[in-house]
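> predicted model, plus sequence, below.
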Amino acid sequence: MAQTPPTPHHDDIAKVLDSVHDSHSGHSLLALSKLEGFRLEQGKLSVALGVDRTQAGALSPLCDQASERLKTLPGVQDATIILTAHRPAAPPQPAPQRPAASAGHRPFGGAPPADPNAPVLPNVKAIIAVASGKGGVGKSTTATNLAVALAQEGLNVGLLDADIYGPSLHRMLGTANKPEVNAGRLQPVPVWGLKAVSIGMLVDEKQAMIWRGPMVMGAINQFLTDVDWGPLDVLVVDMPPGTGDAQLSLMQKVPLAGAVIVSTPQDIALIDARRGVTMFEKMKVPVLGLIENMSYFCCPNCGHNTELFGHGGARKEADAMNVPFLGEVPLLAAIRSSGDDGTPIVASAPESEAAQAFKRIAQATRQALAAKLDG
């Protein structure tokens with residue numbers, strides 16, 4: 001009978017963190033942070049520490065020391081400490097009276113949705129989410145080309161990869177640069193006329209992001225609040241796929257101006273897209289529209305269009321749910337290769353059928369955001 005490999009416990013990790021001390025204050029790393037979670041996978045230990053954002057830079061040397069000591073724990077071959085910085089907590093306020101939920105409905109999460117007019121990112125005019133009810137429908141490809149197309153429209157655009165478990169935007173943008181830190185704030189990487197940040201720029205590409213929900217939200221919050229985005233017209237957020245806790249928490253914390261839902265034409269994808277639309281509507285986030293990706297396959301040899309996954313399903317679903325239809329994008333080898341090569345098709349082949357489709361979607365999105373952008 002195979003023996004279960006040894007694994008460290010919470011107290012073991014806390015003891016190591018308590019053994020590393022700051023030479024100036026004398027406080028231990030454990031005292032200066034909050035152990036939010038950890039995960040051991042195939043000998044690799046990932047530890048998430050919540051810290052005050054003003055202390056993140058000063059704690060880095062302590063984290064390096066602690067990482068080395070964590071490797072001595074049973075079952076640990078390598079160790080990484082991830083700081084999820086938070087702003088200092090505000091003084092407690094009396095809880096506001098919440099209206100009773102209407103019959104047949106219950107509130108999502110434990111907090112109301114973020115106020116669309118709240119100055120979370122005061123220099124950003126509009127934050128939009130690119131979402132999908134399921135993975136594999138081309139959400140990240142759409143987010144990348146939409147962001148670049150909006151930048152080509154003359155807007156100041158930021159692109160945030162919030163798909164923590166499967167970050168890919170750094171590859172699709174063709175950048176291997178790591179964000180620099182200036183005055184304690186992460187500087188987004190300039191590429192293709194926009195500013196971008198992805199956790200894929202910060203971690204080993206071969207390392208799986210096996211994090212629990214609070215760890216994911218800590219990283220997303222840090223990217224939103226501790227990145228020096230500067231003045232932006234639009235911040236495009238590539239959301240994690242699905243309709244789970246991460247999506248709901250993000251909507252509660254971030255004042256989204258709207259959401260774009262990506263789906264393929266087939267019925268099984270449209271079911272999940274419908275859930276996505278419902279989620280945003282219940283959270284009082286405007287749905288800017290649906291996009292039908294992989295709408296048809298265009299043969300590169302003869303030019304004949306084949307509807308591999310059906311056709312027109314997203315348009316019909318948009319009409320049925322009374323939300324705008326933003327456009328359809330064909331299934332083309334050029335879109336795939338441009339993503340692999342790190343050259344978004346709207347930039348590498350601006351006159352192509354696919355690029356024109358994304359540009360029309362960008363124009364429709366900009367029109368939907370006119371009140372925010374021109375106000």
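Structure's in. What do you need? Numbers count the residues shown, from 1 in each chain.
> residue contacts, residue 300?
By Cβ atoms under 8 Å, 6 or more residues apart in numbering, residue 300 lies in contact with 332, 333. Yep, even glycine has a C-beta here, placed from its N, CA and C like the rest.
> burial measure for residue 303, as a count.
Residue 303 has 7 neighbouring residues, counting by other Cβ atoms under 10 Å.
> go on, residue 123?
Neighbour count of residue 123, defined by other Cβ under 10 Å: 12.
> also residue 192?
Neighbourhood size, residue 192 [other Cβ under 10 Å]: 23.
> contact partners for it?
Each residue near residue 192 by Cβ under 8 Å, 6+ apart is listed here: 148, 151, 173, 344, 347.
> closest to residue 335 among these?
Within the contacts of residue 192, the smallest distance to residue 335 is 9.4 Å, found for residue 344 (Cβ to Cβ).
> and the closest one, what's its pLDDT?
Note on residue 344: pLDDT of 93.
> repeat that for residue 26.
Residue 26 carries a pLDDT value of 88.
> over to residue 139?
88.
> coming back round to it: tell me which of the contacts of residue 192 fall in strands.
Using DSSP state E, the subset of those located in strands is empty.
> which strand residues bridge residue 50?
residue 34, residue 84 (DSSP bridges).
> could you chop the protein up by domain?
10-85, 124-374 (the TED database).
> from those, which stretch is densest packed?
For the domains of the chain, the largest average neighbour count (mean count of other Cβ atoms under 10 Å) is found in domain 124-374, namely a mean of 20.
> end-to-end on it?
Domain 124-374 has an end-to-end distance of 13 Å (criterion: Cα to Cα, to the nearest Å).
> now do that domain: distance to the chain's middle.
On the basis of Cα atoms, centre = their mean, to the nearest Å, domain 124-374 sits 9 Å off its chain's mean C-alpha point.
> ditto for stretch 368-375
The answer for stretch 368-375 is 23 Å, by Cα atoms, centre = their mean.
> just the C-alpha atoms of stretch 285-297, please, in PDB.
The C-alpha coordinates for stretch 285-297 follow below in PDB (Å, rounded to 0.1, in the frame of the first residue of the first chain):
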ATOM      1  CA  VAL A 285     -24.000  45.500 -14.600                       C
ATOM      2  CA  PRO A 286     -25.100  46.600 -18.000                       C
ATOM      3  CA  VAL A 287     -24.600  44.000 -20.700                       C
ATOM      4  CA  LEU A 288     -23.000  45.800 -23.700                       C
ATOM      5  CA  GLY A 289     -23.800  42.800 -25.900                       C
ATOM      6  CA  LEU A 290     -23.100  39.300 -27.100                       C
ATOM      7  CA  ILE A 291     -20.300  38.300 -29.500                       C
ATOM      8  CA  GLU A 292     -20.600  35.100 -31.700                       C
ATOM      9  CA  ASN A 293     -17.100  33.800 -32.000                       C
ATOM     10  CA  MET A 294     -16.200  30.900 -34.400                       C
ATOM     11  CA  SER A 295     -19.300  31.900 -36.300                       C
ATOM     12  CA  TYR A 296     -18.300  30.100 -39.400                       C
ATOM     13  CA  PHE A 297     -15.100  28.500 -40.900                       C
END
